[in-house]
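Quick check, what structure comes out for this input:
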Amino acid sequence: MRAEKKLIVEELSKQVGASPFLLVTDYTKMTVTEFAALRKKLRAVHAECHVVKNTMLRHAAKEAGLGEFNGSLAGMTAVVIGDAKADISAAAKILKQFTKDTEKGKVKLGVMGKQLLQPAEVDAVAELPSLDVLRAGLIGMLQTPATRIAVVLGAPASQIARVIKAHADKAAQPAAA
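As a prediction, this is how the structure comes out:
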C-alpha cells in the first residue's frame, strides 16, 4: 500500500476506533444537495458522514479491531461516525428518515461498540428512544420510590399533628353545660 493510502487508512482507523458507533450506508444516486442536507442533520446529533473507499474502510476496520464486514462493502460507501456525545439511536433515526424520504442512503451495516449490526438491527436501534429520554425515564423511576416513601412517612406525622391540634382546640374551648 502506498504511503498516502496508509496515512488515510490510519486516520480513518483512528476516527472509527474513537467513535461509539459506525453506520455504513450506500450513497448511490444521491445528489450533492441531498448529501449536504444529510450531513447537516447528522451534525446536529454530533455525527459526521464521510465518503470512503471500500478497501480503505476494510483496512481501517481491521486496524480498529472491528473485524470483517462479511462482504457488505460493495458499491458506493459512506460512513457515519459520532463523537463522544453522539447517540447511535439519533443518527440511525436520521438515516432511516432520510432513506424513507429520498429512497437513497440505505444502511448496509452498523457497528455499536464491537458488535456488528445488520440493517434490520440498525432499524430496530432507530426505533429506540434517544439516550436523553432513557436517562430521564430512569431518573424518574429512581425518584418515584423516594417520593412515595416521603409521602407515606409524612402522612402519619401529619395525622398525629391534626389529632393533637384537635385535642388542643377542644381543650381551649369552654365546656358547654
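
contacts and neighbour counts: CA atoms only from here.
Will do.

For residue 166, see how far away residue 88 is.
To residue 166, residue 88 is 60 Å away according to CA to CA, to the nearest Å.

quick one: which of the two has more around it?
residue 88 (28 against 12; other CA atoms under 10 Å).

Can you list the buried residues in stretch 4-11?
Within stretch 4-11, the residues that qualify as buried are 9-10, counting by 16 or more other CA atoms under 10 Å.

Next up, the contacts around the residue sitting nearest the centre point of the chain.
Geometric centre of the chain, nearest residue: residue 87, 2.7 Å, by CA atoms, centre = their mean. With contact set as CA atoms under 8 Å, 6 or more residues apart in numbering, residue 87 has these partners: 45-46, 130-131.

ok, which stretches of the protein are strands?
Along the chain, counting by DSSP state E, strands occupy 21-26, 47-52, 77-82, 107-112, 115-117.

Show me what the fourth one pairs with in its sheet, parallel or antiparallel.
It refers to strand 107-112. If you go by DSSP bridges, strand 107-112 pairs up with strand 21-26 (antiparallel), strand 115-117 (antiparallel).

relative to strand 47-52, how tilted is the first one?
Here strand 21-26 points in a direction 50 degrees away from that of strand 47-52 (axes from the mean of the first three to the mean of the last three CA atoms, to 10 degrees).

still on that earlier bit, could you look over the strands paired with strand 107-112 and pick the most buried one?
Comparing the strands paired with strand 107-112 by mean neighbour count (mean count of other CA atoms under 10 Å), strand 21-26 comes out on top with a mean of 24.

now that one and strand 77-82, what's the angle there?
Put simply, strand 21-26 runs at 160 degrees to strand 77-82, going by the same axes, to 10 degrees.

now what about stretch 20-40, what contacts it?
With contact meaning CA under 8 Å, 6+ apart, stretch 20-40 is reached by 16, 48-49, 75-84, 86, 88, 92, 94-95, 98, 104-113.

Nice, that's everything, thank you.
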